[in-house]
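**Student:** Give me a model of this one.
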Amino acid sequence: QVQVAESGGGLVQAGGSLVLSCEASGRTGSGYAMGWFRQAPGKAREFVATISRDVDRIYYEDSVKGRFTISRHRADNTVYLRMNSLKVEDSARYYCAAGHIAVTEERGYVYWGQGTQVTVSA
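**Tutor:** Okay, the predicted model is just below:
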């Protein structure tokens, strides 16, 4: 069993930055690809970014390319999502998930965190 926990959400003005963290703990938590998804009120959850276990595959959703950066620190099984130039439309609950391969689809992930709220004000 792997536990996934996100942190770092909050309120920020448009144009600002936030860094989300995600720790995967438990059985071989470092052996998983890690993905970030988000869900805004009234909308379906959508893919944001993913990084493979060996950091040889990284994918981003088109609207965040050039603004968001995903990285991982293998030593402590932590994945980060640095979000720059935030827009109001980036407001959502952000979820971290662990899966066997780095894919953009939700069904590719096995373990999910509870999410952390990001609110971007105009």
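**Student:** Find the helix or strand that T50 is a member of.
**Tutor:** strand 46-51 (DSSP states H and E).
**Student:** what mean pLDDT does that strand have?
**Tutor:** Average pLDDT, strand 46-51: 98.
**Student:** what does it contact?
**Tutor:** The contact list for strand 46-51, computed with CB atoms under 8 Å, 6 or more residues apart in numbering, reads 33-39, 57-61, 64, 68, 70-72, 79, 81, 94, 102-106. (Glycine included, C-beta is placed from N, CA and C.)
**Student:** And for R45, the neighbour number?
**Tutor:** 17 (other CB atoms under 10 Å).
**Student:** likewise the one 3 residues further on?
**Tutor:** Applying the criterion other CB under 10 Å, we find 25 residues in the vicinity of V48.
**Student:** do the same with the one 10 residues further on
**Tutor:** Taking other CB under 10 Å as the neighbour definition, I58 ends up with a count of 14.
**Student:** The chain should start at 16 in everything you say after this.
**Tutor:** Sure thing, new numbering starts at 16, so read that last one as I73.
**Student:** check contacts around the residue most central in space within the chain.
**Tutor:** Closest residue to the average C-alpha location of the chain: W51 at 2.5 Å, with CA atoms, centre = their mean. Residues in contact with W51 (CB under 8 Å, 6+ apart) are 35, 37, 62-65, 85, 94, 96, 109-112.
**Student:** Sounds good, over and out.
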